[in-house]
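Asks: Fold the following, please.
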Amino acid sequence: MNQRSRWVGPAAAVLFVQLFCSNATADAASITVPSGGNLQAALDAAQPGDTVVLPAGTRFVGQYRFPAKAGMVTLTSSGTLPNRRITPADASLLATIVSPVGMMSIDMTDAKNWTLDGIRFEANPGGFGEVIGIQRGENIVLRRLLLNLPSPQEQKRFILGNGRNITLTQSYCSGVWRSGQDSQCFVAWDGAGPYAITDNFLEAASENVMFGGADSISPDNIPSDILVENNFFTKRLEWKGQPRGVKNIFELKSARRVIVRNNIFERNWIDAQSGSAIVFTPRNQDGAATWSVIEDVLFEYNIVRDTPSHFNILGYDDISKSGQSTRITIRHNLLLGTGSGRMALIGNEVGELTIDHNTYVNPADGSNAMMTLYSEGTVGVVGGTRLPAFAVANLTVTNNMMSGNAYGLHSSVGSGTAALTAMTRGYKWSNNVVAGGWGSYPATTTLLPVAQYPGQFDASYYLVSISPFKSMATDGTDLGWNRPGETTPVPTTPTPAPPTSPTVPVASAVTITTGSLPDGRTTVPYSALIAATGGSGAFKWSLTSGTLPTGLALDANTGGITGSPTRTGTSTFTVRAADAADATKAASSTYMVGVAASVNVTTTSLPIGVKSSAYTATLAAANAAGPITWTITAGRLPPGLTLQAATGTISGRTNAAGAWTFIVTATDASSSASASLAILVDKK
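Replies: The predicted structure follows:
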């Protein structure tokens, strides 16, 4: 591939460069914007595959709009960036972008196909709004971004991420707060996803990361297919006692198909909320999104520490009609309390909830329960509210090590088995250890004196070799949280049997639940997730026959198929899901995916115009899926001429002679293409 270089200086005239068809076949270029250069012009002119480079140490002040592109374009700094999460120590390698007014410096409204990699940001003047605003964005990658705010600098939000295929990775967000307003490092409420938030440092006062918080425009725009993995969430201790609006660390108000894995969540306290670090509460925030739900959430292998309470899980919005919180699994987590609060507050008609293989350690507390089930207050319905009927429809609590606090599993009608019976429609409680508290529990529960509880753990809160609770789980492993991938018992010396011998359930068969996959378009980013149930709940995915469309790949760990198809045609292939704990338990399914050609601009030239005479020409495109919308995405038409977005007709009358070069973009239902054209206007 030929490499082209451009230099974009302060004068816009310098930007007069050769422009040509900007489908994904264009040669890649490196566009350097020096200090004082026209960054907006460079962003507008960049073609698919291009990289816009800002010199390390330079500072650009402005509000920059990122247009839709037909293929990926990168904005980066000239410094040699480390292949890891960025930190404040790397600031000298980065260029800085800052807004001159109290609004975003990066405007990604309707942006498409952009990577921002290795850029430093400062707070907006006055701390208003967000620094990066994505609205209806698509295929946006935010990598190695740095926002490190000194105290007491204010900034309401770092990133608003409403869109499709949004990634935030290896970035550093620190010191985000705003007086009298909620603050976040990342929030999204109106974008179908998928979202990937991985390997970041995230520090904000109200909600470090939140999905929901305002209404999505339709059920299709509920934030979905969310991966939150390998992040470090924290809050500044200096904010304690200050008016910073501290609420929680991670919150879901409207989200579907969420995996939260291998993160550290630390430092939360009672302030603007009651101190729960992780909050799953469906909210029809503005009253118009009755479809708001929390569904299919997996929260596993996380550490949640230095917080009074850990989980607050609500079945329905208590004010406005919403969907339900259901199919939530919380497993293999280490939960460390601060001596007050509780492990979980659960109520008002949660659907299916599983709490399995967690270790909860809390200093002796004389005022709270270990876990509270409630059915009180209200549930929002159309036109008003109603009373809730139960706390949880189907509750599973198995294989946990738990500090019992003062009241153990508690409800308004009693503790232990009494709470389970009264507050659920059905429950499974098996092979749990409760240290302290009070009440009677199902027979497979071990009630342990508080004094004996600390001695069960090593420094990492895994069971010590002499603990009687080794290999006592229903799956044959240790009670409490286990190391990731640990699926078989660790050999130990013989240990006492549990109070009663538990029945070990047989793992259900693996079943692939995804019936079909969407078709694709050439050069358009593709994303689909194949789902399975049964077995241990974790799977390894493989392709056993056939081939994927060229340009797509199968993720062996998630079952996701992603990439950008490069050839038209139909592909038939078979995918196998094998239980990660027992590869002999598996299922296969065959899929057919068609790839159609993306829209393509077929007009290559336009007729010459004559000064003061009427002009008309109509643009043409091939392979359109549905209606086409035409736009000018760079350059401009001769004065007096306009482009009709629906028809592609350029018409009008111009009194200016000369040559005008511009880029037209044709956008259909799922793809877009651009072409460089020119209109020459003769004097006579």
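Asks: CA atoms only: put the helix or strand hosting Leu298 into PDB for me.
Replies: Counting by DSSP states H and E, the element that carries Leu298 is strand 294-300. In PDB, the C-alpha atoms belonging to strand 294-300 read as follows (Å, rounded to 0.1, in the frame of the first residue of the first chain):
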ATOM      1  CA  ILE A 294     -31.900  -4.900  33.200                       C
ATOM      2  CA  GLU A 295     -31.500  -8.400  31.600                       C
ATOM      3  CA  ASP A 296     -28.900 -11.100  31.400                       C
ATOM      4  CA  VAL A 297     -26.100  -9.700  33.600                       C
ATOM      5  CA  LEU A 298     -23.100 -11.700  34.600                       C
ATOM      6  CA  PHE A 299     -21.000 -10.200  37.400                       C
ATOM      7  CA  GLU A 300     -18.000 -12.400  38.100                       C
END
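Asks: helices and strands around it, which ones?
Replies: With contacts taken as 3 or more C-beta pairs under 8 Å, 6 or more residues apart in numbering; DSSP states H and E, strand 294-300 sits against strand 255-261, strand 276-280, strand 325-331. Any C-beta I mention is one placed from the backbone N, CA and C, and that applies to glycine too.
Asks: Run through the residues that contact Leu517.
Replies: Ala528, Ile530, Ile561, Tyr591, Met592, Val593 (C-beta atoms under 8 Å, 6 or more residues apart in numbering).
Asks: The fifth one looks like it's in a strand, true?
Replies: Yes - using DSSP: H, G, I helix; E, B strand; the rest coil, the assignment for Met592 is a strand.
Asks: what about the closest residue to it other than its chain neighbours, distance to Asp555?
Replies: Counting by C-beta to C-beta, 6 or more residues apart in numbering, Thr572 is the residue found nearest to Met592 once chain neighbours are left out, at 4.9 Å. Going from Thr572 to Asp555 by C-beta to C-beta, to the nearest Å gives 20 Å.
Asks: Now tell me what touches the helix or strand hosting the residue nearest to Met592 from outside.
Replies: Thr572 belongs to strand 569-579 when assigned by DSSP H and E. By C-beta under 8 Å, 6+ apart, the residues outside strand 569-579 that reach it are 507, 510, 512, 530, 532, 534-536, 538-549, 554, 559, 585-595.
Asks: hmm, which of the residues you listed are the buried ones?
Replies: Neighbour counting by 16 or more other C-beta atoms under 10 Å classes 510, 512, 530, 532, 534-535, 539, 541, 548-549, 554, 559, 585-587, 589, 591, 593, 595 among the contacts of strand 569-579 as buried.
Asks: Tell me the first helix or strand C-terminal of the worst-scoring helix or strand of the chain on mean pLDDT.
Replies: Least confident helix or strand, the chain: strand 4-7 with a mean of 52, by mean pLDDT, DSSP states H and E. Next in sequence after strand 4-7, counting helices and strands by DSSP H and E, comes strand 29-32.
Asks: That next one pairs with which strands, parallel or anti?
Replies: strand 4-7 (parallel), strand 51-54 (parallel) (DSSP bridges).
Asks: quick one: the residue nearest to the spatial centre of the chain and Pro223, what's the gap?
Replies: Nearest residue to the geometric centre of the chain (C-alpha atoms, centre = their mean): Tyr195, 3.4 Å. Distance from Tyr195 to Pro223, counting by C-beta to C-beta: 6 Å.
Asks: Ok, Ser367 next?
Replies: Using C-beta to C-beta, we find Ser367 at a distance of 36 Å from Pro223.
Asks: Can you pick out the residue with more neighbours from these two?
Replies: Neighbour totals were compared for Ser367 and Pro223, and Pro223 leads with 29 against 11 (other C-beta atoms under 10 Å).
Asks: Now do the contacts for the more buried one.
Replies: By C-beta under 8 Å, 6+ apart, the contact set of Pro223 is 188-193, 195, 211-212, 216, 254-256.
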